[in-house]
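1. Sharing a model that was predicted from the sequence below.
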Amino acid sequence: MLKKWMRYMLLAACCLTLTGCARKETGSELLTETKDAVVPVDGKVDPVVEETPEGTAFHLYYGDENAENIVQKTVYVDKVTEDSVMEQLAQTLKLDSNIRLKKISFGMHGGDKVVMLDFNQAFADYMKKLSQSGETVVMGSITNTFLDCYQSELLLVTVEGKVLDTGREAYEEYLEWYPYVESSYKVVDAKLEQDGVSITYPQIEGLGDARMQEKWNDIIRSTEERAMEGWLSGGESQDDSYEVSYVVKTMTPDTLSILMNGNICEQGAVHPYGFKYTYNIDLNTGESIRLADHVDVDRLAENLFAGTGYYVEESAADYFRERLEAIYGTPDSLARSLAGYDYAEDGSAPYGYSYLENGKVWICMEVPHALGDYMEIELDTQQ
C-alpha cells in the first residue's frame, strides 16, 4: 500500500513538474497566461488591402526623421504577405539584416482580433541595442503596421516562443495601437492684402523633400499672386472686395488636398459671388493629383446621369440631375469634362475641381448664383 501511495505521489509530482515547465516555457508566467487566453483562429487569415493600378497597397508605419513620432505612408507591393510587410518595415526602419519573422498566427481574445508574431533571436539582440525612443518607434511601427494590415486590435510579440525582454521593457502582454501622426509636415498661413483683396493661402513647412516643398509653395504662391494682380488690374470699384481662404481636407504623408474658398463682393450686389478651387498633391511623386488619376470618369458620368453613386443635399438632387442633362446632354460629354478636372502639369485651365477627404472623393461643380454658385458632391467611391 505504501509503495502504491508513493507511486501516486511521484506521478503527481511529475504532473506538477510538467505543468510548471509548460508555464516557464515562455520565460514569463504572465506571457504564458496571455497566450493561453488567445483562442486560435482556424484557417487562413488574409490581410485587408486595396488593389490599385500601382500595386497592392497597405499602410506602413515608421519613425519620422527625428525619431520623435510614428508616421504613416502608403506602400505598394506585388502581394501583401507577412514577408513583404516585414521587408518594407526592415527597409524603412533600417533593421538588422539578420532579423526574421519566424511565424505569424492569429486568434481571438474576447471580441478582439489578435495577431501573434514570433521573431528570431536576432530581433531581441537588435532591440537591446536601441535607445528608449528607438525601441518605441520600432515596436510601434511593427505593431501599427500589422494591426492595420490585418484589421486587428491586439498584437503579441515573442522571440523564439519566449518573452521579448529588452532590459527596459518585457513584452509579456498584448500591445495595442501606438499613437501616431498622419503627417510630419505642416501647412501654415501666408497672406496677400491690398486694396480690397485679402488672400490667405497655404504654404508647406517641414516636408522631407525640400525640392518638392519649394516647387509647390512656388506654384501656390504664384497662382494667388496672379489672381490678386488680375483683380487689381480689372478696374473694379474701390467698394468691391475679393477674399480667399483655405481648408486642409487631407493631410497625410502621401497626399495633401486643400480646398480654396473665395468670395467676391461687388457694390450693389445682394449677395457675394462664391467660387472654389483646389490643390491636390501626391507627396510621393510631387505631381498634381487629378480626378481622372483615381476615378473612372466614364463610369462616374454614367452614375451622375443615372442619379446613383453620389450624395448631394436632398433639396438640390432633382435640380442637379436636370442641370447635368441640360448642360452636357450625354454621359460621354460629361466624362470629357470630368477628365479635365483639376490642375495639370502642363498648366492648362481645369474644367472643374475635386478634393479628397477621409478617403472619399468630392467634386466641386458650378451652379447658378441662386443655388450658391458651387455644389460640393460626395462620390460613393474611395480615393
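-> Yes, it's here. What you are looking at is a predicted structure, and each value in this text was computed from that prediction instead of being measured.
2. how much space between Val197 and Arg221?
-> Distance of Val197 to Arg221, given as Cβ to Cβ, to the nearest Å: 15 Å. From N, CA and C alone the C-beta is placed, and that goes for glycine too.
3. Look at those two and report which has more neighbours.
-> Val197 (20 against 15; other Cβ atoms under 10 Å).
4. Excluding chain neighbours, what is closest to the more buried one?
-> Tyr242 (4.8 Å; Cβ to Cβ, 6 or more residues apart in numbering).
5. go on, Tyr174?
-> Here the nearest residue to Tyr174 in space, its sequence neighbours aside, is Leu154; by Cβ to Cβ, 6+ apart that works out to 4.1 Å.
6. Contacts only, for the one you found.
-> Leu154 makes contact with His109, Asp112, Lys113, Val114, Val115, Leu147, Tyr174, Leu175, Glu176, according to Cβ atoms under 8 Å, 6 or more residues apart in numbering.
7. And the pLDDT for the fifth one?
-> pLDDT recorded at Val115 is 96.
8. Offset the numbering so it begins at 611, please.
-> All set: I'll call the first residue 611, so the last point we hit is now Val725.
9. so it bridges to which residues?
-> Beta-bridge partners for Val725, by DSSP bridges, are Phe716, Leu765.
10. Might you report the residue contacts of it?
-> With Cβ under 8 Å, 6+ apart, Val725 has these contacts: Ile714, Phe716, Phe756, Leu757, Tyr760, Ser762, Leu764, Leu765, Leu766.
11. gap between it and Ile752?
-> Val725 is 10 Å from Ile752, by Cβ to Cβ.
12. residues shared between the contacts of these two?
-> Common contacts of Val725 and Ile752, defined by Cβ under 8 Å, 6+ apart, comprise Leu765.
13. which residue ranges form the helices in the stretch 711-860 of the chain?
-> Using DSSP state H, counting those that start in this stretch, the helices assigned to the stretch 711-860 of the chain run over residues 731-739, 742-759, 820-842.
14. Need these in a markdown table (columns: mean pLDDT and distance to Thr862).
-> A markdown table is the format used below for the helices of the stretch 711-860 of the chain (pLDDT from 0 to 100; distance: least, Cβ to Cβ, whole Å):
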| stretch | mean pLDDT | distance to Thr862 |
| --- | --- | --- |
| helix 731-739 | 97 | 28 |
| helix 742-759 | 95 | 13 |
| helix 820-842 | 93 | 15 |
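15. what about those helices, which gets the closest to Thr918?
-> helix 742-759 (30.9 Å; Cβ to Cβ).
16. Check what contacts that closest one and list those residues.
-> Helix 742-759 has contacts (Cβ under 8 Å, 6+ apart) with 657-659, 668-673, 677-678, 680, 682, 690, 695, 699, 702-703, 705, 714, 725, 727, 737, 740, 762-765, 767, 776, 778-779, 781, 785-790.
17. buried subset of the residues you listed?
-> Using 16 or more other Cβ atoms under 10 Å as the burial test, the contacts of helix 742-759 include 657, 659, 668-673, 680, 682, 690, 695, 699, 702-703, 705, 714, 725, 727, 737, 740, 762-765, 767, 776, 781, 785, 788, 790 as buried.
18. In strands, which of these appear?
-> Among the buried ones among the contacts of helix 742-759, the ones falling in strands (DSSP state E) are 668-673, 680, 682, 714, 725, 727, 764-765, 767, 781.
19. from those residues, which is closest to Met838?
-> Ranked by distance to Met838 (Cβ to Cβ), these are led by Gln682 at 36.2 Å.
20. Local confidence estimate at that closest one?
-> At Gln682, the pLDDT value in this model is 84.
21. Across the sheet, point out what pairs with it.
-> Beta-bridge partners recorded for Gln682 (DSSP bridges): Tyr671.
22. which residues touch it?
-> Applying Cβ under 8 Å, 6+ apart to Gln682 gives the contacts His669, Leu670, Tyr671, Asn754, Tyr790, Glu792, Thr862, Pro863.
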